[in-house]
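Participant: Quick one: sequence plus predicted model below, questions after.
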Amino acid sequence: MSPFFVMALLFGLIFGHTASLCAPSEYTIHVEKQECAYCLAINTTICAGFCMTRDSNGKKLLLKSALSQNVCTYKEMQYRTALIPGCPHHTLPYYSYPVALSCKCGKCNTDYSDCVRDRLRTNYCTKPQKLCNL
């Protein structure tokens, strides 16, 4: 093995996690309820970014557990609740949402994350908009 290859391999193993660009990122959620008069735009933070993954060329020879890829996901989070304005009395006017405090590269946990991105979903308001900065 050449010295350059060995150095590149060691550098990749040592600094692989620091090269991952997974961090809390500002994001706006648009929330509507059919019964309410307004759409609420909530500014929050989500985990977003790039995580180093390793793709094996011998996929057919390995177990499925060895082929899982890391995603940028929550390390620490808290839930906050916002009040949607213009709701009638018989409707619950509250919406709870996660706020990313810190992030990590790891396996996607479906208990608190949507691990599949729906391309058809849009993030906008169809009703008059109110802004919530929490």
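Facilitator: Received, thanks. Numbers count the residues shown, from 1 in each chain.

Participant: so where is this protein shaky, pLDDT-wise?
Facilitator: Confidence mapping of the chain against pLDDT under 70 gives the ranges 1-20, 54-68, 112-123, 131-134.

Participant: That one: helices as residue ranges?
Facilitator: In the chain, the segments counted as helices under DSSP state H are 3-15.

Participant: Report the beta-bridge partners for C72.
Facilitator: C105 (DSSP bridges).

Participant: can I assume it is in contact with A100?
Facilitator: No: with contact defined as C-beta atoms under 8 Å, C72 and A100 do not form a contacting pair (9.6 Å). In short, each C-beta sits where N, CA and C put it, glycine included.

Participant: Mutual contacts of those two, please.
Facilitator: Residues touching both C72 and A100 (C-beta atoms under 8 Å, 6 or more residues apart in numbering) are C47.

Participant: my read: T126 touches H30, true?
Facilitator: No: under the criterion of C-beta under 8 Å, T126 is not in contact with H30, lying 9.1 Å apart.

Participant: Tell me the residues that contact both of the two, please.
Facilitator: Contact with both T126 and H30 is made by residues C39, according to C-beta under 8 Å, 6+ apart.

Participant: Sweet, I'm off.
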